[in-house]
Each structure stands twice: as structure tokens, then as C-alpha cells.
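Chemist: No letters, just coordinates:
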């Protein structure tokens with residue numbers, strides 16, 4: 001253990017680093033020279049055991065953080081002179097035209113070349129509902145294509161893409177030192193000098209070198225050497241396991257002193273998955289029948305709202321029919337026949353054009369952030385389906401834990 005410690009100290013000296021590990025080395029070396037094998041073994045056990053725990057904590061943090069980044073693509077499909085070709089991300093340059101398949105991750109930052117694209121950006125922003133990106137608008141790397149395949153015009157290299165910035169944050173978090181650990185290193189020279197002086201004084205005053213060794217052993221700062229890094233790394237690991245990337249150990253430590261919490265995305269406090277919140281039928285249509293017809297048609301769609309709609313219908317034990325003659329513009333609209341009835345689902349304009357009349361009327365008091373889905377049945381407005389991302393059941397308790405009852409009551 002002493003040999004390994006001296007090797008690490010030497011490498012640290014060459015990098016200009018000076019830490020409290022030197023006291024542990026002096027303790028073990030002095031104990032061996034004085035024949036106090038038990039004292040040397042105790043210090044060696046504390047140091048080696050702490051190193052092992054820190055290594056395990058780092059490995060776990062790395063695994064959990066890596067799991068968050070497992071979505072990063074390694075290659076992309078590019079339009080070349082001889083057709084489509086799969087190329088590594090590193091060779092992609094601004095101006096290259098890429099094909100983003102359905103369900104694929106957008107490999108680099110770019111602009112949409114198709115008429116429109118539907119992107120799932122929940123991994124980047126926390127928002128559960130997909131976004132419709134018009135032609136020419138920007139598409140961030142790391143988002144998922146939730147609609148049909150589209151062409152992407154690369155505007156940045158792979159090393160400059162949005163998701164690469166997240167990767168760099170993870171790597172920085174794994175290698176950073178918390179302020180508490182830096183503070184220990186900053187005072188290590190003074191602490192070492194005081195310890196050696198005190199140990200020498202004990203030796204001179206008693207004439208017994210073992211007394212001086214006892215001071216060194218007692219002064220070996222295992223809590224500062226080991227406990228702080230292990231605690232920080234374990235905290236980063238725990239956060240990563242909950243889907244949270246912490247920029248650095250310093251950021252994690254600073255959170256203990258936070259007094260104000262700003263939430264810029266609703267997905268931070270919500271379930272993160274759309275759910276059917278209300279059914280608003282029109283023209284005498286029953287709620288159950290409107291839900292059954294719409295859910296039957298949406299069985300043919302892979303849209304996230306379609307999945308939520310089908311789940312709501314099956315949860316009410318409605319018997320769904322098989323749709324036929326289905327036509328869909330992914331992320332925008334879908335139409336087809338259900339039990340001989342023409343059903344159209346999408347925007348107000350689409351439904352109005354399909355039924356040849358006014359679309360269902362949107363309620364004036366719709367919940368903030370809700371998504372409205374218009375439904376037309378045959379030649380009339382069938383009604384509205386309201387989707388929302390509900391607040392997590394434990395969100396109020398979480399805020400109350402750190403804010404107090406009055407502030408949490410606002411939620």
C-alpha cells in the first residue's frame with residue numbers, strides 16, 4: 001500500500017498537486033521504520049479501503065451516467081454521390097445532407113429539409129409532448145424522430161453538437177473536485193507542517209519516537225482524504241440514477257445552500273407522459289363513443305398522444321375496432337374508417353376541411369400546457385380530446401420539504 005501511495009504522490013507532484021495523502025505516507029513509513037507493524041497496517045487498511053470505496057463509487061457513477069448517454073449515435077446516414085451511405089459522425093461537415101429515419105436520434109445539430117418533422121425532445125428539455133419542426137427550422141442533436149423520415153442539413157460538426165455538450169458535462173462532473181476537497185488540499189501544506197512540528201515536539205519532549213509516530217497516525221486525515229470524494233461521487237451517482245446530470249461536485253455541494261428554485265420546464269415537476277384529461281363531445285356524441293372511435297383509429301398511429309388515447313380507452317374497457325383506409329401525416333393528422341364511419345383526428349383546420357364544416361370549439365378555460373386534439377366524425381364535429389402532462393404526486397411534498405408549507409401551497 002505504501003509503495004502504491006508513494007507512486008501516486010510522485011505523479012501528483014509532477015502535476016503540481018500536493019495533498020494530505022503525504023501524512024498517510026509518513027505514518028505508514030514511520031511505523032514500518034519503528035517496527036510498529038500494527039499501526040502501519042491500520043493506516044494502510046483505512047487508506048486502501050477508502051481508495052477501494054472511492055473506485056467503486058466512481059465506477060457506479062460512470063455506469064449510471066453512461067446509461068443516460070447511451071442514446072448517442074455513433075454514425076449517420078448521409079446522402080452521397082452514389083446514394084445513401086453510413087458514415088462516422090466525425091466526418092460529417094456543415095452542409096452535409098443526412099437522412100434521419102423514423103425512431104432514430106438526430107445525430108448533429110441541423111435544419112429540417114422536409115416539409116416538417118416531429119421530434120421528441122424529452123431527453124433534452126423534459127417536455128413530454130413532441131414538437132413539430134417546420135422546414136428550415138433548427139433540430140437539436142439528441143432529439144428523436146417521432147414522425148416519418150426526413151432530411152437534415154447539418155449546421156455543426158459532431159464535436160460541436162448539443163448532445164456533445166452534455167457528454168462534456170458528464171466527463172467534467174466525473175473528474176471535478178468539490179470545494180470541500182479543494183479546501184482540504186489548499187490547507188494541506190499548513191496542516192502537514194503543523195503535524196510534523198507537533199510530532200517532532202512529542203518525540204523531543206518524551207524522548208520516545210513512538211510518541212511522535214502516534215501524533216502522525218492520529219493526524220492522518222482519512223475523513224478529508226476519502227470521505228469527501230466518496231460522498232460527492234456517490235451523490236453524482238445517485239442523481240444520475242434518477243435521470244439528473246449534475247455539472248460538477250461543486251454544483252452538488254452548492255445545492256445544500258440553495259434558497260430559491262427556478263424551474264424552466266414543466267417536465268421537471270410532471271409525470272413526463274401525456275394523459276387524457278378530458279373528453280368534450282359535440283353534436284350529441286356520447287363521451288364513450290367519441291373515445292372509442294378516436295382510439296380505434298389511433299391504433300394505426302405511433303404518435304405519443306395516440307398511445308395515450310388507446311391506453312385511456314382500454315382502461316375504460318372499451319371494445320376497439322380495426323380501422324381501415326387509414327391515411328396519416330405523422331405528428332399532424334390521421335383519418336380513416338372505423339365501423340363504416342369516417343373519423344378524422346388532428347388540428348382544427350384539418351378537421352374542418354375534412355367534415356366540410358366548423359371544427360369543434362376549443363374551451364376558453366383549458367389547462368395551461370394542455371394539448372387539444374380535434375375529432376371529426378362523418379360530416380360533423382365529434383368533439384375535443386384534452387391531453388395534459390399531470391403533476392407528479394410527490395411534487396408538492398418535495399417542494400414542501402425544502403420550501404415550507406406556505407410556499408408549497410402555491411403548487
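Modeler: Sure thing, it's come through. The model shown is predicted, which means the values in this text are computed figures rather than measured ones.

Chemist: what comes into contact with the longest strand along the chain?
Modeler: For the chain, the strand with the greatest residue count under DSSP state E is strand 380-388. Strand 380-388 is contacted from outside by 129, 274-283, 285, 290-291, 293-294, 305, 308-309, 343, 351, 355, 357-363, 366-367, 369-376, using CB atoms under 8 Å, 6 or more residues apart in numbering. The C-beta positions use only the backbone N, C-alpha and C, and glycine is treated the same way.

Chemist: Quick check: neighbours of that strand in the sheet, parallel or antiparallel?
Modeler: strand 275-281 (antiparallel), strand 371-377 (antiparallel) (DSSP bridges).

Chemist: For the first one, which residues meet the burial criterion?
Modeler: The one in question is strand 275-281. Of all the residues in strand 275-281, those buried under the rule 16 or more other CB atoms under 10 Å are 275-277, 279-281.

Chemist: Out of these, which comes closest to residue 217?
Modeler: residue 275 (61.1 Å; CB to CB).

Chemist: and the closest one, what are its bridge partners?
Modeler: residue 388.

Chemist: was I right about it contacting residue 309?
Modeler: No - with contact defined as CB atoms under 8 Å, residue 275 does not reach residue 309; the gap is 9.8 Å.

Chemist: those helices in the stretch 301-411 of the chain, which residues are they?
Modeler: For the stretch 301-411 of the chain, helices defined by DSSP state H, counting those that start in this stretch occupy the ranges 304-315, 348-355, 395-403, 405-408.

Chemist: Strands of the stretch 51-200 of the chain, start to end?
Modeler: 75-80, 83-88, 97-100, 110-112, 116-120, 131-134, 138-139, 144-145, 150-154 (DSSP state E, counting those that start in this stretch).

Chemist: Which among those strands is found nearest to residue 11?
Modeler: Of all those, strand 83-88 comes closest under CB to CB, at 33.8 Å.

Chemist: Show residues contacting the closest one.
Modeler: Contacts for strand 83-88 (CB under 8 Å, 6+ apart): 74-78, 99.

Chemist: Tally up the residues packed near residue 211, please.
Modeler: 15 (other CB atoms under 10 Å).

Chemist: show me what contacts it?
Modeler: 202-203, 205.

Chemist: Save the helices of the stretch 301-411 of the chain as TSV, and put in distance to residue 236 too.
Modeler: Compiled in TSV, these are given as follows (distance: least, CB to CB, whole Å):
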stretch	distance to residue 236
helix 304-315	31
helix 348-355	47
helix 395-403	20
helix 405-408	27
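
Chemist: quick one: contacts for residue 158?
Modeler: 89-90, 92, 107-108, 164.

Chemist: now do 6 Å
Modeler: By CB atoms under 6 Å, 6 or more residues apart in numbering, the residues touching residue 158 are 89-90, 92, 108.

Chemist: Which one (most neighbours) among those residues?
Modeler: Of these, with other CB under 10 Å as the count, residue 108 tops at 28 neighbours.

Chemist: residues in contact with that one?
Modeler: 92, 141, 154, 156, 158, 161.

Chemist: State the number of residues packed around the third one.
Modeler: If I follow you right, that is residue 154. Counted with other CB under 10 Å, residue 154 comes out at 22.

Chemist: for the second one, same thing?
Modeler: Burial measure for residue 141: 25 neighbouring residues, criterion other CB under 10 Å.

Chemist: hang on, it packs against residue 109?
Modeler: Yes - at 5.1 Å, residue 141 and residue 109 qualify as touching, with contact defined as CB atoms under 6 Å.

Chemist: Return the set of buried residues in stretch 308-327.
Modeler: 308-310, 312-313, 318, 320-321, 323, 326.

Chemist: okay if I get the strands paired with strand 380-388 as JSON lines plus distance to residue 269 and mean pLDDT?
Modeler: Output for the strands paired with strand 380-388, formatted as JSON lines (distance: least, CB to CB, whole Å; pLDDT from 0 to 100):
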{"stretch": "strand 275-281", "distance to residue 269": "15", "mean pLDDT": "88"}
{"stretch": "strand 371-377", "distance to residue 269": "17", "mean pLDDT": "89"}
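
Chemist: need these in TSV with distance to residue 387, can you?
Modeler: Output for those, formatted as TSV (distance: least, CB to CB, whole Å):
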stretch	distance to residue 387
strand 275-281	6
strand 371-377	4
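
Chemist: re the thing from before, between the longest strand of the chain and helix 348-355, how many degrees?
Modeler: Using axes from the mean of the first three to the mean of the last three CA atoms, to 10 degrees, one finds that strand 380-388 and helix 348-355 are set 150 degrees apart in direction.
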